[in-house]
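Sequence and computational prediction follow.
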Amino acid sequence: MVSLFLFLFVRVQGSVTGREFSPDTFSVREFHFYEIPLLNLQITPIKRTSVTPNTATYLRQKSLIQAPKKPTDTWHLVYLSRGFTGRTPADSELLLLQLNLDHNGNAYWRQWSIDHPQHAPFFWSVIQRLAKREMYLLMPPLFELAQLEQSTEAMTEKINQSLSSQYVDLIKDMRAADRTVLADGLLKEALKDFPNDADLRKLAGSPETP
């Protein structure tokens, strides 16, 4: 009787499922294994299944993202679920929601990329760069801007302005929270993208460019 109880307990409460995202290839996979509840001790091998969205496959096929030739070892957690504790999402789910977005039976951002061949290369290069940095929180405003009817130049300018502004606000928040090391790392990344941005240079203590 005790062994049956333990079996059922592990079967239900020890089930661990989740999803992972590769910022290098935009591949998505689900995983599942069993563990001893409370101890979090894995007792079965991990089973993985590919669930890559059609949009992500299209981006890779059309070289709208830069995918390495060798398999990637970098995976970001999308969500994790343990037994009855519920589903715990991670920041990368913000991007997965967009990659899985459907409109009238079609993958929305796949179709957008087809309809906007001049806009797509710049847009997805920015999204992938942020994904590699795990800066998923900065993405939602960019997806909104990309949907506006505008020239490639106008979209590029608006996205750059939005992104640099978000970096400035985030760095200020990190400094206010006394997370100086993280703030400095963000500032270093931001200056790589926007070396002449006046607000970023001010945060870095550099003189503004004329």
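Yep, that arrived.

Going by C-alpha atoms from here, please, whenever you check contacts or count neighbours.
Will do.

Name the nearest residue to the most centrally placed residue in the chain, ignoring sequence neighbours.
In the chain, the residue lying closest to the centroid (CA atoms, centre = their mean) is residue 92, at 3.4 Å. Once flanking residues are discounted, residue 92 sits nearest to residue 78: 5.3 Å by CA to CA, 6 or more residues apart in numbering.

In three-state terms, how would the one you found be classified?
With DSSP: H, G, I helix; E, B strand; the rest coil as the basis, the three-state label of residue 78 is strand.

Would you agree residue 165 falls within a helix?
Yes. Counting by three-state DSSP, residue 165 falls inside a helix.

Please tell me how far it sits from residue 68.
The spacing between residue 165 and residue 68, counted by CA to CA, to the nearest Å, is 30 Å.

and these two? which has more neighbours close in?
The neighbour count for residue 165 versus residue 68, taken as other CA atoms under 10 Å, is higher for residue 165 (15 against 9).

measure the more buried one to residue 157 for me?
Separation of residue 165 from residue 157 (CA to CA): 12 Å.

contacting residues around the residue nearest to the centre of the chain?
Residue 92 makes contacts with 21, 76, 77, 78, 131, 134, 136, as judged by CA atoms under 8 Å, 6 or more residues apart in numbering.
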